[in-house]
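[1] Could you work out the structure for the sequence below:
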Amino acid sequence: MTRERIVVTGVGVICANGIGQKAFWDNVVRGSSGIRSVHTVDMTNLSTDVAGEVTEFHPERYFSKREMRFMDRCGQMAVIAAREAAEHAHINVQQLDPYRIGVVLGTSLGGMVSGQMFHEQWIKRGIHKTHPRLLQLYTLHAPLDLISIDLGLKGPKSVISNACAAGTNAIGFATEFLISGKADVMFTGGVDPLSHLSFSGFNSLSALSPEACAPYSKSNGLNLGEGAAILVLERLSHAEARGATILAEVMGYGLSSDSYHQTAPDPGGSGAIRSMSTAVEMANISIHEISYINGHGTGTPTNDMIEPKAIRAFLKEHKDIPISSTKSMIGHTLGAAGAIEGVTCVLALQDGILPPTINFDEERRTYDLDFVPNHSRPAKLDIILSNSFGFGGNNASIIFGKYPRAGHGHAWQHKRVVISGIGALAAGANTTAEVFSRLREGQSQIQPIIEFDASPYGSLLAGMIRGLRYEKIINPGLLRKMDTISKQAVAAAKFALTDSGFKIDRHNCEQVGILFATGTGPVETVESFYRTVIEQGVKNANPRLFPNTVMNAAAGHVSLHFKIKGPTSTITAAGTSTISALFYAYSLIQRGVVDTILVVSSDECNEPMLAGFGRIPNFLSRDTLRPFDRSHSGTNIGAASTAFLIQSEEAARSCGARPYAELAGFGMTADTFRVARINEEGTEWQRSFELALLDAGIEPAQLGAVFAAANGLPLVDEVEARVLARVVGDRVPVTAPKSIFGETHGSAGGLNIIAGIAALHDGFISATANLREPQEYAALDYVYGAARPATPEHVLISSYSVTGSGNYHSLVLRRYQAA
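    A predicted model of the protein is given here:
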């Protein structure tokens, strides 16, 4: 067992209350409001015209004209905050190992403003008059990529997108990379812009306040806000070795799922109590040691009734601990909220000042708690708890401590972690068994599109899921509230749970986690919701669709369907999402948070996606995709969902499971080449393979197969092939499962894992479909023509971000053998 303490050495912030930490903190201490009339978003026909908008924002002061071509407002704010944090921490990446410095970002919207512009161009002018560059800026991970490129970070990077809990959850996830030893330094936080889509959605729910919000008193609605905040986290030993100034310690964090409702929190507050309790347990403190709580404090009637109730129940007799809402000053910045509030906590510890809840009306108070009404005040602050509660019943709580103080560090237990249940569906395969059959057959499942007219979009072929009768799989009462991506996710989850034999009940539901991975998110629902707004106006926005527009909606549906109440998170890191989620599950199990986690991925294939990818030159193939083939000419997109029950070996044994494989080693890297491109030298991709092998403790010659990420895009296939030639040469069989199911984005890594399990468990390596004349740029042992019998002990799984700058997650699976 090893232990590691995690500290904060730098912060950066930009929001309605100031650009830069000094301006921001001065305004917080003064209790100044950043809520004002909005000028960057059309507020016509909305129930409010105010929000927490960043004013006096001049991006040209920070970026060159060339840089600004590849950044929208969201990306600009993220990079500005990251630069300030780096400067504050005195981090010089050139003097450190860039592969040991990573970034985890929380966001609810990412580049949504760019997506809205593309969408409006499509509807008003036609698809051929849209601007393709907007799609490079639209993705959730675009601001993440911009930070890593700008600062030169080549370590692990990932995106958390579980609505309002994303910023806090991102900080927690970043600590996992440090505790596990995968990184020395992590940049982490959150960002979100003001967006017409968000205003339209919250307006449809009647959740917006017509005036400055008043959390915990008037509670007449929320104000939306925008901004970014980044914290630099380090392992204590690393910070001390480089002589860093330590601002605070991240003592612990906790996650939970309400498993109650799509949007409304559990009225009993039990989920919030669990997240706070888990954070306290990880921090190894008593409740009475908490000096202050930075509340979620949105200003909506529901939040302001339930959150204080939960806090009172959590505090028990210690109800004199002060609580306040930063959102009263800057609005609700969605995925950035927990990060900005995290910076608030660090600065409060530094200066010994309690931030106020402004606009507080004493006559309207509901609870006899100290909400620090209207004015900041000095206080002795040692430990601060910060809460973030989001759509879908996602709860995240984090604890910051004043430094120095005696700390116990966070334990890493070196357990064996196994896959004990599998579920999947993809093109031509509506069950897990059919997925294995399609892999064994090695025939492409890419077919002509019949669901819509694809002729305007550059390709008539895709990997569609057809004929699946969800009503036979999913509770009908819950099914009617689900969109396509959620139906797929719940179906795959059910397959995995049935396969494992693991039963979730009221006795163990709080000890089971749910991690959701997606590369696309609910594109179909987002497009449908915002199309109505564009064509019919904001007053006709559909409140039934809006809850499903958030990335974590599918996770919420899985949680509701199976009554899962343990830790939950949603990872949206494009093609690396599934392996990123698996690492998160692996880390939580190693730390003993829970011993069983359901990891589910889901990605759609529909008209909006084909329309978008069709605008990227040479991306879609008019033919069937042919990875590694001389005639490859692009890729075909596909739909898929995968699910894995991940358990400690002890948990699997105790429930009688027969594990398929062991998670043996992870390698996670990023390149800093440019937006929406990968480094053609493949240096960083190669490093991810090498790190996975090193983590697994094996040499390349001990691999029995490689399941490549190749998807028919000539540049991608060539880079990966050359890298594999350098790592494994022609000694290890290589195959590309995307040739069968298409480019399934965040689920692609999951399908590669299932293909790897077919080799480890069922004794065959699937063939690369449509590979007839392998390219000569790399001498590899390609598997094609027919599946190859094999009994490997280890296989290597490759994944990369097909829609962003280079992000590479590699995984070594080991054949499971009981000790």
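[2] Which residues lie in contact with the closest residue in space to Gly271 that isn't next to it in sequence in this structure?
    Among residues not flanking Gly271 along the chain, Asp258 sits closest, at 3.7 Å (C-beta to C-beta, 6 or more residues apart in numbering). For glycine as for every other residue, the C-beta is placed from the backbone atoms N, C-alpha and C. Going by C-beta atoms under 8 Å, 6 or more residues apart in numbering, Asp258 touches Pro265, Asp266, Ser270, Gly271, Gly393, Asn394, Asn395, Ser559, Lys565.
[3] so how far is Gly102 from Asp258?
    Between Asp258 and Gly102 the distance is 30 Å, computed by C-beta to C-beta, to the nearest Å.
[4] Sort the contacts of Asp258 by pLDDT and name the bottom one.
    Lowest pLDDT within the contacts of Asp258 is found at Pro265 (80).
[5] and the gap between that one and Leu146?
    33 Å.
[6] Over to Ile273?
    37 Å.
[7] quick one: which of these two has more around it?
    Legend: neighbour count by other C-beta atoms under 10 Å for Ile273 and Leu146, higher for Leu146 (27 against 19).
[8] Let me see the contact set for that one.
    Counting by C-beta under 8 Å, 6+ apart, Leu146 has contacts Phe70, Met71, Gly75, Ala78, Val79, Val675.
[9] Out of the residues you listed, the closest to Ile306 would be?
    Ala78 (31.1 Å; C-beta to C-beta).
[10] my guess is the closest one is in a strand, correct?
    No - Ala78 is assigned helix when assessed by DSSP: H, G, I helix; E, B strand; the rest coil, not a strand.
[11] I figured it hits Ala228, correct?
    Yes - Ala78 is in contact with Ala228 according to C-beta atoms under 8 Å; the separation is 4.9 Å.
[12] Name the residues contacting each of the two.
    Pro143, Val191.
[13] residue boundaries of the strands in the stretch 551-700 of the chain?
    Using DSSP state E, counting those that start in this stretch, the strands of the stretch 551-700 of the chain run over 568-571, 596-603, 640-648, 661-670.
[14] so can I have TSV of those strands showing mean pLDDT?
    Below are these laid out as TSV (pLDDT from 0 to 100):
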stretch	mean pLDDT
strand 568-571	98
strand 596-603	99
strand 640-648	99
strand 661-670	98
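[15] Looking at the ones you listed, spot the one closest to Asn284.
    Across the strands of the stretch 551-700 of the chain, Asn284 has its closest neighbour in strand 640-648 (21.4 Å, C-beta to C-beta).
[16] The closest one vs strand 596-603, what angle?
    If you take axes from the mean of the first three to the mean of the last three C-alpha atoms, to 10 degrees, strand 640-648 sits at 170 degrees to strand 596-603.
[17] Sheet partners, orientation included, of strand 640-648?
    Sheet pairing of strand 640-648 (DSSP bridges) gives strand 417-426 (antiparallel), strand 596-603 (antiparallel).
[18] Could you single out the most deeply buried of these?
    Across the strands paired with strand 640-648, the average number of neighbours (mean count of other C-beta atoms under 10 Å) peaks for strand 596-603, which reaches a mean of 31.
[19] distance between that one and the chain's centre?
    12 Å (C-alpha atoms, centre = their mean, to the nearest Å).
[20] cool, and stretch 475-493?
    20 Å.
[21] can you offset everything so residue one is 719?
    Understood, numbering begins at 719; the last thing we discussed is stretch 1193-1211.
[22] measure it end to end?
    End-to-end distance of stretch 1193-1211: 13 Å, with C-alpha to C-alpha, to the nearest Å as the criterion.
[23] in that stretch, what's buried?
    Residues of stretch 1193-1211 classed as buried: 1197, 1200-1211 (neighbour count, 16 or more other C-beta atoms under 10 Å).
[24] Just name the closest of these to Gly908, please.
    Gly908 lies nearest to Ile1203 out of the buried residues of stretch 1193-1211, by C-beta to C-beta, at 22.8 Å.
[25] so where do the strands sit in the stretch 769-918 of the chain?
    Ranges of strands in the stretch 769-918 of the chain, per DSSP E, counting those that start in this stretch, are 819-824, 875-878, 903-910.
[26] Tell me which of the ones you listed approaches Ser1366 most closely.
    Closest approach to Ser1366 among the strands of the stretch 769-918 of the chain (C-beta to C-beta): strand 875-878, 22.6 Å.
[27] If you count contacts, what does that closest one end up packed against?
    Strand 875-878 sits against strand 819-824, helix 860-869, helix 884-897, strand 1286-1289, with contacts defined as 3 or more C-beta pairs under 8 Å, 6 or more residues apart in numbering; DSSP states H and E.
[28] Any idea which of those gets closest to Asn1336?
    Closest to Asn1336 of the helices and strands packed on strand 875-878 is helix 860-869 (C-beta to C-beta; 20.5 Å).
[29] how far out from the middle of the chain is stretch 1223-1240?
    On C-alpha atoms, centre = their mean, the centre of stretch 1223-1240 falls 13 Å from that of its chain.
[30] again with stretch 1056-1069
    The answer for stretch 1056-1069 is 23 Å, by C-alpha atoms, centre = their mean.
[31] quick one: buried residues of that stretch?
    1056-1068.
[32] and the residues you listed, which of them are in helices?
    Among the buried residues of stretch 1056-1069, the residues falling in helices (DSSP state H) are 1056-1068.
[33] Of the residues you listed, just say which sits nearest to Tyr1302.
    Gly1056 (16.8 Å).
[34] Tell me how far the closest one lies from Pro1377.
    35 Å.
[35] again with Asp1435
    Relative to Pro1377, and taking C-beta to C-beta, Asp1435 is found at 33 Å.
[36] What are the phi and psi values at Asn1193?
    Note on Asn1193: backbone dihedrals following degrees, to the nearest 10 are phi -50, psi 120.
[37] which one in the chain is furthest away from the centre?
    When each C-alpha in the chain is compared with the mean C-alpha position (C-alpha atoms, centre = their mean), Glu1081 comes out farthest, at 41.0 Å.
[38] pLDDT value on that one, please?
    Glu1081 is given a pLDDT of 92.
[39] Also the one 4 residues further on?
    The per-residue pLDDT reported for Tyr1085 equals 92.
[40] cool, and Gly1127?
    Predicted confidence (pLDDT) for Gly1127: 77.
[41] Could you do Met719 as well?
    The predicted structure lists Met719 with a pLDDT of 57.
[42] same thing with Gly1522?
    69.
[43] Repeat that for Ala1124.
    At Ala1124, the model reports a pLDDT of 64.
[44] can you check Cys1227 too?
    Looking at Cys1227, its pLDDT stands at 97.
[45] What of Ile964?
    What the model reports as pLDDT for Ile964 is 98.
[46] that older thread, out of the strands of the stretch 1269-1418 of the chain, which gets nearest to His849?
    Smallest distance to His849 across the strands of the stretch 1269-1418 of the chain (C-beta to C-beta): 24.5 Å, for strand 1314-1321.
[47] what about the stretch 1119-1268 of the chain, any weak spots by pLDDT?
    Residues of the stretch 1119-1268 of the chain meeting the criterion pLDDT under 70: 1124.
[48] where exactly do the helices run in it?
    For the stretch 1119-1268 of the chain, the helices defined by DSSP state H, counting those that start in this stretch occupy 1150-1159, 1194-1197, 1202-1218, 1241-1254.
[49] roughly how far is the first one from the heart of the chain?
    Translated: helix 1150-1159. 29 Å.
[50] Show me which positions of it end up buried.
    Those would be Thr1150, Val1153, Phe1154, Arg1156, Leu1157, Arg1158, Glu1159, for helix 1150-1159 by 16+ other C-beta under 10 Å.
[51] So which elements touch that helix?
    Packed against helix 1150-1159 by the contact rule (3+ C-beta pairs under 8 Å, 6+ apart) you find strand 1135-1144, helix 1202-1218, helix 1456-1459, helix 1466-1480.
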